[in-house]
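Chemist: When you get a sec, could you give me coordinates for this:
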Amino acid sequence: MLRQFDDDAIAFQEVINGKAHVVISSEPKPTFFTLKNPDRLFKPSAENLVNTFEGFGLRKGNPRALEYFNNWIARNQDWLKSRHDYWFKSQDWEKLLP
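Modeler: Below you'll find the predicted structure:
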């Protein structure tokens, strides 16, 4: 039976409680819930079911701004990946919260 939830937290809690078998959700929620509940949850794959792309919105007619952003992104791929991993694949940042 397929059940749908309005709140991902409730869906994950149902799996933790043994009342559901699987949750499909967008990242980083599966990673975070799995990190917080390693004895009850696991991710069967590190691969995403669907990949999406992020982007900047720029005003039309400014090719110098477009070139600047494209160059910055190209030069900072390693830094962007490390920031993505920090924010979306770990919870190291939580210790900084009050």
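Chemist: need the contact list for Asn48.
Modeler: Glu27 (CB atoms under 8 Å, 6 or more residues apart in numbering). (C-beta placed from N, C-alpha, C; glycine too.)
Chemist: pLDDT wise, what is it at?
Modeler: As predicted, Asn48 sits at a pLDDT of 84.
Chemist: Same question for Phe33.
Modeler: On the pLDDT scale, Phe33 is placed at 94.
Chemist: Could you give the number of residues near it?
Modeler: As a burial measure, Phe33 scores 21 neighbours (other CB atoms under 10 Å).
Chemist: Tell me how many other residues surround the closest residue to it other than its chain neighbours.
Modeler: Spatial nearest neighbour of Phe33, excluding adjacent residues (CB to CB, 6 or more residues apart in numbering): Phe12 at 4.5 Å. Applying other CB under 10 Å, we find 23 other residues in the vicinity of Phe12.
Chemist: Just say helix, strand or coil for Phe12.
Modeler: Going by DSSP: H, G, I helix; E, B strand; the rest coil, the secondary structure assigned to Phe12 is helix.
Chemist: wait, what's in contact with it?
Modeler: With contact taken as CB under 8 Å, 6+ apart, Phe12 is in contact with Val23, Ser25, Lys29, Phe33, Asn37, Leu41.
Chemist: got a winner among the residues you listed for most neighbours?
Modeler: In terms of neighbour count, Phe33 stands highest of the contacts of Phe12 at 21 neighbours, by other CB under 10 Å.
Chemist: how near is that one to Gly18?
Modeler: When distances are taken as CB to CB, to the nearest Å, Phe33 and Gly18 turn out to be 15 Å apart.
Chemist: what does Glu94 give?
Modeler: Counting by CB to CB, the gap from Glu94 to Gly18 is 26 Å.
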